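Asker: this one's sequence-less:
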């Protein structure tokens, strides 16, 4: 008799009137590739939140995450995580940790526990079953606070101060950027955002205030993308930000990818909530129960909804403005179709729109492709992505993703419709997609284009595209002349606004034109328009581009046609410069001995690959070394120093006959793009 059958005999034959819901979760800690992981089995009341930091502290194991099916097969002889029950514990092929919820242990011995939809057991019988694992067992109070280790900061501070000193710009003014982009990129990036008034730091770590200039960029992205998706029949809606633990944990594969980052609400005022409520990390499990409710017929398909909202992903060590924040703005589209062909077509259409945001609005080149199985969206069939590149650091960055979920979620949430062929045919599960882009795109734009003078913002997304500045006013200028210059400048500003240019004028005489030039360079205004007495006499204005200080003399009567042309030229030059850098640092490598040296030259690498996940992990681990074999200091939550797979580019080099994988002896099946990544 199998262990599962023996356990089933301990369970009740009939469903009781009352019971306490219990969850059995299995976690896998972070483990060196050469070591065998020690699974962690958590048995807790459904109402008990089981945060991973508490699990880590109770077991002295690092970074536990919900286990995948492979672990269940190899350790418990159980095919999938969904099939797992405590009856599989005797099958364990090695030692494991068993954590019992203190609240569960406090229940009366006669209490009935509900283990899943069909298994019910008395607490005393469950304790009898678990007594065989006494040496592995530990009682845990999951409500405890995890103490943070205090690390010595002195040496780190000294190093930071020395680095900042080396990176200081000569002749830098305190009101401007004081560090060199090439020597202290993080310090430069922080100054660029705060002094350029893109954001301000908030008193909750990892959260930031988006000031009007950055929010305007997001609004321009919104308007462009919203028009595009509405052209496909997508409608905007809004779902609540809260999700119950019962619903969130319904789809184990999906929640595994977000479990350590979920923020939980456990208290309202002075009262503990009966059930913890999560703040959405993403909305699949929030929305799809209602899709199943609303879609009653194949005639109700397709259903295409999008929401503009914020999400919260809490647990990480190194927040970076726009790139890794605990709360961020995004859009998330969720669509359902009758056929897989329709769904897959939309996935690629949306990806093209995302590439359009980066290239047509932000002037940032991207590479479109498909994520590997390891890197795809948890619970989906496949993920498509557009990948950007930060030239200063040589790192790639994921720009946006469009996922085909297949029928995975529709089966979980019972999203079915009658077969169009007739009632005698089986019901059809809907095919679903989800897709999203976030305010991370603003950070990518800033890092790619900005310089040591400040922000450089592409004109199509800038809050203001032009600033008009009166010049040539001195102490000898009469009030009448001053008034005439100002009025002429205001007329220029008015004409630009009427022609659709987002312009403003600075008529404050308390500051010199030179000070104003520096200020608006710092804030990234795409062009400045100078107008002085000689310009008025000659009937033209001087236009200066922010990105390269190139000057144009534009006749006043040609303003409405010439200024838009200059803005488009500026956009094209920004894009072409960034594309040239990306193209020249995207190299094809066919032999492993060339891989790490090329990586260390700030390249992303396109290499032949066998498609095997273990090989992919080996590439990341092996490339986290310098040429002399010295390990980089690495942290999972900060940008990876090893080369991870970025995507399988749609635009593929041709594989040679007999081409081997870059890392192993298997035959290569495709080229994959690898790189160090944010």
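Answerer: Good, I have the coordinates. Please read these numbers as outputs of a predicted model, since none were measured by experiment.

Asker: CA only for contacts and neighbour counts going forward, please
Answerer: OK.

Asker: partner residues bridging residue 433?
Answerer: According to DSSP bridges, the partner residues bridging residue 433 are residue 335, residue 404.

Asker: Low-confidence stretches in this protein?
Answerer: For the chain, the stretches with pLDDT under 70 are 33-34, 146-167, 169-174, 249-260, 315-317, 625-640.

Asker: repeat that for 80
Answerer: The chain contains residues with pLDDT under 80 at 1, 32-35, 69, 144-175, 245-261, 315-318, 625-641.

Asker: ranges for the helices of the stretch 151-300 of the chain?
Answerer: If DSSP state H, counting those that start in this stretch is used as the criterion, the helices of the stretch 151-300 of the chain fall at 154-167, 185-195, 212-230, 245-248, 252-256, 284-294.

Asker: In the longest one, which of the residues would be classed as buried?
Answerer: Spelled out, that is helix 212-230. When neighbours are counted by 16 or more other Cα atoms under 10 Å, the buried residues of helix 212-230 are found to be 213-222, 225-226, 229.

Asker: can you name the two of these that are farthest apart?
Answerer: Greatest spatial distance among the buried residues of helix 212-230 (Cα to Cα): 213 and 229, at 24.8 Å.

Asker: just how off-centre is the lengthiest helix in the chain within its chain?
Answerer: If each helix of the chain is counted by residues according to DSSP state H, the longest one is helix 559-584. Relative to its parent chain, helix 559-584 has a centroid offset of 27 Å by Cα atoms, centre = their mean, to the nearest Å.

Asker: Let me know the next secondary structure element after that helix.
Answerer: Next helix or strand after helix 559-584 toward the C-terminus (DSSP states H and E): strand 586-588.

Asker: what are the pairing partners of that next one, and which direction each?
Answerer: For strand 586-588, the pairing partners within the sheet under DSSP bridges are strand 604-609 (parallel).

Asker: my read: residue 265 touches residue 275, true?
Answerer: No: under the criterion of Cα atoms under 8 Å, residue 265 lies out of contact with residue 275, with a separation of 9.1 Å.

Asker: which ones are touching the closest residue to residue 361 other than its chain neighbours?
Answerer: Using Cα to Cα, 6 or more residues apart in numbering and skipping residues adjacent in sequence, the residue nearest residue 361 is residue 460, 5.5 Å away. Contacts were defined as Cα atoms under 8 Å, 6 or more residues apart in numbering; by that measure residue 460 touches 220, 361-362, 571.

Asker: Against residue 220, how distant is residue 460?
Answerer: When distances are taken as Cα to Cα, to the nearest Å, residue 460 and residue 220 turn out to be 8 Å apart.

Asker: domain parsing for this protein?
Answerer: Per the TED database, the domain ranges recorded for the chain read 3-140, 208-241+281-449, 466-571, 589-675.

Asker: start to end distance for the first one?
Answerer: End-to-end distance for domain 3-140: 26 Å, by Cα to Cα.

Asker: same check, this time on the third one
Answerer: Across domain 466-571, the terminal residues are separated by 14 Å (Cα to Cα).

Asker: now swap in the longest one and tell me
Answerer: Terminal residues of domain 208-241+281-449 lie 21 Å apart, using Cα to Cα.

Asker: That one: how far from the chain's middle?
Answerer: The chain centroid and the centroid of domain 208-241+281-449 are separated by 11 Å under Cα atoms, centre = their mean.

Asker: so the longest helix of the chain versus strand 604-609, what angle?
Answerer: 50 degrees (axes from the mean of the first three to the mean of the last three Cα atoms, to 10 degrees).

Asker: looking just at contacts, which helices and strands does helix 559-584 meet?
Answerer: Where contact means 3 or more Cα pairs under 8 Å, 6 or more residues apart in numbering; DSSP states H and E, helix 559-584 is packed against helix 440-449, helix 479-498.

Asker: switch the cut-off to 10 Å
Answerer: The elements that helix 559-584 packs onto, with contact taken as 3 or more Cα pairs under 10 Å, 6 or more residues apart in numbering; DSSP states H and E, are strand 382-390, helix 440-449, helix 479-498, strand 527-531, strand 540-545, strand 551-555, strand 604-609.

Asker: would you turn these into TSV with mean neighbour count?
Answerer: Written out in TSV, the entries for the helices and strands packed on helix 559-584 read as follows (neighbours: other Cα atoms under 10 Å):
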stretch	mean neighbour count
strand 382-390	25
helix 440-449	22
helix 479-498	17
strand 527-531	24
strand 540-545	20
strand 551-555	15
strand 604-609	26
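
Asker: Can you say which of the ones you listed is nearest to residue 341?
Answerer: Residue 341 sits nearest to strand 382-390 of all the helices and strands packed on helix 559-584, at 13.6 Å, using Cα to Cα.

Asker: Could you list the paired strands of the closest one along with their orientation?
Answerer: In its sheet, strand 382-390 lies beside strand 367-370 (antiparallel), strand 395-406 (antiparallel), with partners assigned from DSSP bridges.

Asker: What is the neighbour count of residue 438?
Answerer: When counting by other Cα atoms under 10 Å, one arrives at 22 neighbours for residue 438.

Asker: Same question for residue 561.
Answerer: Should you count by other Cα under 10 Å, residue 561 turns out to have 11 residues around it.

Asker: and it, what does it touch?
Answerer: Residue 561 makes contacts with 496, 499, as judged by Cα atoms under 10 Å, 6 or more residues apart in numbering.

Asker: Going forward, count from 46.
Answerer: All set: I'll call the first residue 46, so the last point we hit is now residue 606.

Asker: distance of it from residue 612?
Answerer: Note on residue 606: its distance to residue 612, by Cα to Cα, is 11 Å.

Asker: again with residue 696
Answerer: The gap separating residue 696 from residue 612 is 31 Å, by Cα to Cα.

Asker: burial count for the residue nearest to residue 447 when sequence neighbours are not counted?
Answerer: The spatial neighbour of residue 447 that comes closest, neighbours along the chain excluded (Cα to Cα, 6+ apart), is residue 480 at 4.2 Å. Counted with other Cα under 10 Å, the burial measure for residue 480 works out to 23 neighbours.

Asker: same check, this time on residue 385
Answerer: Going by other Cα under 10 Å, the residues that sit close to residue 385 add up to 18.
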